[in-house]
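Asks: Sequence first, then the predicted structure:
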Amino acid sequence: MLYFIEQCLNGVQLGMLLFLLAAGLTLIFGIMDLVNLAHGSLYMIGAYFAATFAALTGSFLFAAVLAIAATLLVGMAVEVIAMRRLYGRDHLDHVLGTFGLILFFNEAVRLVWGPAGMNLPLPPLLNTAIELIPGIYYPAYRLAIIVVALAVAAFLYVLVMRTRVGMLIRAGASDREMVGALGVNIKLLYTLVFGLGAALAGFAGLMQAPILTVQIGMGENILILAFVVIIIGGIGSLRGAFVASIFVGLVDTIGRAFLPDLLRLFLSTNAASTLGPSLSSMMIYMLMAAILVFRPEGLFPASGR
Amino acid sequence: MTAWLTPRNAAAAGVLALIALLPVYCALTGNYFLMSLFTRILILAMAAVSLNLIMGFGGMVSFGHAAYLGIGGYVMGILAKEGIGAGLIQWPLALAVSGLFALGVGALSLRTRGVYFIMITLAFTQMIYYVAIGLDRYGGDDGLTIYRRSSFGDTIDLSNRMQFYYLCLGLLLAVVYLVWRIVNSRFGMVIQGARSNDRRMRAIGFPTFRYRLVCFVISGAICGLAGVLLANHTAFISPAIMHWTRSGDLIVMAVLGGMGSVIGPVIGAVAFLVLEEGLSRLTEYWPIILGPMILLVVLYARGGIDGFLAGLRRG
């Protein structure tokens, strides 16, 4: 039972990380109609920046702030140099162009930081376990990820739904030309939104960095998970991304933790240990397929952006 | 008819002559590395042609075509490991399994459009990639060495580099011909019509979902054949064959060559893989050049090499 609660929390924590990535993806898609495969590269760059700044300054918090700002700048630069030319093009062009960017970023990181990975040490303050309810301890850092990501989700909601900038963003999503004609600098707005998405990805990367190592290509597998999240949630919907992230995080983590044991009840130990890992990694894709059968547009189709 | 002698046809003929005569050159000079490289190019060209059938003509952008390469390869590898070496069992089974997987993926993903389709095909390929990693008996992450190539009795010996090369070339030409026939048939017209305006095609009475699904399955099966050839060529199969960057590479080949024609992906595959090989000799960090080049092709040369050649005549 203790183990189950712990795995649930791990699932929520993975879900919150996925949300940080998926939110950026879905914002960029919903507003600019742009498929950004290079989102995972920004995740990776955020982690590398954080590791570097942490080594320089010795403070995790300081490094995090600097890394987010740096990723924001990189994102805005990418938008101005490349993405801007891809708006209004075919989705195939987006896929190919950003695929090229991934190759570029992976190699650029190898060139700058070398092929070996880096480590980002846990902040000492959070390097403990907290007793949630009597008898259940949970690492403070993972708990911090959940709390901070929830705060980010709330911030995004307020930003998009309750502020003037958010109003312009939503207006730009429905009619770019008209917003531009009304005197809003839509180009700048798009650059800012892309930068925001990049910063969210970089933030996810640096939050995950102390748990895993910082390495080249670290953003790619989690990016595909984030795709699954926004397919399930409905592309362009922040609310859908939030619900689907938690859903996918829980299913993936709990599947990996318990499916092999569950199979052992029905199958021989040998067969279960062979099938277990394969099946549990298939779970979320099965979930996605099942949802697509009933809701081809995802759980929250984008009308409720 | 002088219209036959266009820059485009000349280039296609040139590429074909090059790949047809290459083994002669290799045998004369003893440069078997070049031959091995071009065997790989022929096989991946076949995969790119199969992708282009659904992407260029059907408008279905599959970002997961490497899955069929992997499935074809794994069917061959698993059968070889279990002691079934006969090509007449391995090959049809590989085609059938990749076709079946395409049927499942297609039935689900063709319910959707655009970005959803791209991401779903990508997700399913990632799924099969993890399944392959989980196959402990067949090497898991490390892959599986294939000790015996498919055997076809005395008719053809796949261990003979020259025979294998020409087999790949012959199959590639057969596939190009097949795809050309498909594209120009009534079936192909329906597929292309559904790309331009699906609703109108349905309104005039074509159940386009079924047509598109069949097209998707044909494409998957052809790509499965390419997978069997690739496994025979490298005598090794690992999950890396299905890595999502491989799917990206296949799209790049098709777009670089030009999606509007059947032969375009062949030219694209030759150009892309030769470029990759050349750049990797130039610098260890070659993707740092290749990546922006892909971006530039997307931004400024959307018609690919084929489009450029076709434009030469008009201009």
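Replies: That came in fine, so what should we check first?
Asks: okay, CA-based contacts and neighbour counts for the rest of this
Replies: Noted.
Asks: is any part of the longest helix along chain A close to chain B?
Replies: Determined from DSSP state H, the single longest helix within chain A is helix A:2-32. No - Helix A:2-32 does not reach chain B (C-alpha under 8 Å from any C-alpha of the partner chain); its nearest approach is 9.5 Å.
Asks: Now do that helix, average pLDDT.
Replies: Averaged across helix A:2-32, the pLDDT comes to 90.
Asks: in it, what counts as buried?
Replies: In terms of neighbour count (16 or more other C-alpha atoms under 10 Å in any protein chain shown), helix A:2-32 has its buried residues at A:6-32.
Asks: which strands and helices sit next to it?
Replies: Under the contact criterion of 3 or more C-alpha pairs under 8 Å, 6 or more residues apart in numbering or on different chains; DSSP states H and E, helix A:2-32 touches helix A:39-57, helix A:140-162, helix A:164-174, helix A:186-208, helix A:218-233, helix A:238-266.
Asks: Residues of chain B that sit close to chain A?
Replies: Taking C-alpha under 8 Å from any C-alpha as the measure of proximity, chain B contacts chain A at B:61, B:108, B:111-112, B:114-116, B:119-120, B:122-124, B:126-128, B:130-136, B:248, B:251-252, B:285-296, B:298-299.
Asks: right, and A:Y190 touches A:M32 too?
Replies: Yes - the criterion here is C-alpha atoms under 8 Å, and A:Y190 meets it with A:M32 at 7.3 Å.
Asks: Look up how far A:I222 lies from the residue in the stretch 201-305 of chain A that chain B sits nearest to.
Replies: The nearest approach of the stretch 201-305 of chain A to chain B comes at A:S278, 4.7 Å away (C-alpha to the nearest C-alpha). Going from A:S278 to A:I222 by C-alpha to C-alpha, to the nearest Å gives 18 Å.
Asks: So those two - more neighbours on which side?
Replies: Ranked by neighbour count (other C-alpha atoms under 10 Å in any protein chain shown), A:S278 and A:I222 place A:S278 first, with 22 against 19.
Asks: pLDDT value on B:F63, please?
Replies: On pLDDT, B:F63 comes in at 92.
Asks: Give me the phi and psi for it.
Replies: The phi and psi values for B:F63, taken as degrees, to the nearest 10, are phi -100, psi 30.
Asks: Contact partners for the residue lying closest to it once chain neighbours are set aside?
Replies: Spatial nearest neighbour of B:F63, chain neighbours left out: B:L122 (5.0 Å); criterion: C-alpha to C-alpha, 6 or more residues apart in numbering or on different chains. Contact analysis of B:L122 by C-alpha atoms under 8 Å, 6 or more residues apart in numbering or on different chains lists A:I224, B:S62, B:F63, B:G64, B:W244.
Asks: would JSON lines of these with distance to A:F203 and neighbour count be doable?
Replies: As requested, those are arranged in JSON lines below (distance: C-alpha to C-alpha, whole Å; neighbours: other C-alpha atoms under 10 Å in any protein chain shown):
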{"residue": "A:I224", "distance to A:F203": "18", "neighbour count": "20"}
{"residue": "B:S62", "distance to A:F203": "30", "neighbour count": "26"}
{"residue": "B:F63", "distance to A:F203": "27", "neighbour count": "28"}
{"residue": "B:G64", "distance to A:F203": "29", "neighbour count": "28"}
{"residue": "B:W244", "distance to A:F203": "24", "neighbour count": "22"}
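Asks: how close does the residue nearest the centre of chain B sit to chain A?
Replies: Centroid check for chain B by C-alpha atoms, centre = their mean gives B:A47 as the closest residue, at 0.8 Å. Look at B:A47 and chain A: by C-alpha to the nearest C-alpha, to the nearest Å, they are 17 Å apart.
Asks: what's the helix or strand for that residue?
Replies: Using DSSP states H and E, the element containing B:A47 is helix B:32-52.
Asks: Identify the residues contacting the residue of chain A found nearest chain B.
Replies: Going by C-alpha to the nearest C-alpha, chain B is nearest to A:G100 of chain A, at 3.8 Å. Contacts for A:G100 were tallied using C-alpha under 8 Å, 6+ apart; they are B:L290, B:G291, B:P292, B:M293, B:I294, B:L295.
Asks: Now the second one. Nearest residue, chain neighbours left out?
Replies: Pointing back at B:G291 there. Nearest residue to B:G291 in three dimensions, chain neighbours excluded: A:G100, at 3.8 Å (C-alpha to C-alpha, 6+ apart).
Asks: so the one you found is in which element?
Replies: Using DSSP H and E, A:G100 falls within helix A:91-113.
Asks: The helix or strand that that helix is followed by - contacts with which helices or strands?
Replies: Heading C-terminal from helix A:91-113, the first helix or strand you meet, by DSSP H and E, is strand A:129-133. Judged by 3+ C-alpha pairs under 8 Å, 6+ apart, strand A:129-133 is in contact with strand A:136-139.
Asks: go with 10 Å
Replies: strand A:136-139, helix A:140-162 (3 or more C-alpha pairs under 10 Å, 6 or more residues apart in numbering or on different chains; DSSP states H and E).
Asks: and the angle from that strand to helix A:140-162?
Replies: Counting by axes from the mean of the first three to the mean of the last three C-alpha atoms, to 10 degrees, strand A:129-133 lies at 70 degrees to helix A:140-162.
Asks: check contacts around A:F60.
Replies: A:F60 makes contact with A:A50, A:A51, A:F53, A:A54, A:L66, A:L120, A:P121, A:L122, A:P123, A:P124, A:L125, A:L206, according to C-alpha atoms under 10 Å, 6 or more residues apart in numbering or on different chains.
Asks: So which of the helices and strands packed on helix A:2-32 is nearest B:I54?
Replies: The minimum distance between B:I54 and the helices and strands packed on helix A:2-32 falls on helix A:218-233, with 21.7 Å, by C-alpha to C-alpha.
Asks: Report the inter-axis angle for the closest one versus helix A:186-208.
Replies: Using the same axes, to 10 degrees, the direction of helix A:218-233 lies 110 degrees away from that of helix A:186-208.
Asks: anything in helix A:218-233 sitting right up against chain B?
Replies: Yes - judged by C-alpha under 10 Å from any C-alpha of the partner chain, helix A:218-233 and chain B are in contact via A:E220, A:N221, A:I224, A:L225, A:F227, A:V228, A:I230, A:I231, A:I232.
Asks: Hmm, the last one is touching A:F247, no?
Replies: Yes - contact status for A:I232 versus A:F247: in contact at 9.4 Å, counting by C-alpha atoms under 10 Å.
Asks: To what extent is the closest residue to B:V262 other than its chain neighbours buried, counted in neighbours?
Replies: Leaving aside its chain neighbours, B:V262 sits nearest to B:W180 (6.1 Å; criterion: C-alpha to C-alpha, 6+ apart). B:W180: 16 surrounding residues under other C-alpha under 10 Å.
Asks: Please give me every residue in contact with B:W180.
Replies: Applying C-alpha under 10 Å, 6+ apart, the residues near B:W180 are B:L53, B:A174, B:G188, B:S261, B:V262, B:I263.
Asks: and the host helix or strand of A:L61 with helix A:39-57, angle?
Replies: In this assignment (DSSP H and E), A:L61 forms part of helix A:60-81. Angle, helix A:60-81 to helix A:39-57, by the same axes, to 10 degrees: 140 degrees.
Asks: Report the buried residues of helix A:60-81.
Replies: The neighbour-count check on helix A:60-81 (16+ other C-alpha under 10 Å) flags A:60, A:63-64, A:66-76, A:78-80 as buried.
Asks: what's the distance between that helix and the middle of its chain?
Replies: In terms of C-alpha atoms, centre = their mean, to the nearest Å, the centre of helix A:60-81 is found 15 Å from the chain centre.
Asks: Could you check which residue of the stretch 151-300 of chain B lies nearest chain A?
Replies: Relative to chain A, the nearest point of the stretch 151-300 of chain B is B:G291 (3.8 Å; C-alpha to the nearest C-alpha).
Asks: coming back round to it: B:A96: which of the helices and strands packed on helix A:2-32 is closest?
Replies: helix A:218-233 (27.6 Å).
Asks: just wondering, since we're on the residue nearest to B:G291, how far is it from A:H91?
Replies: Distance, A:G100 to A:H91, by C-alpha to C-alpha: 14 Å.
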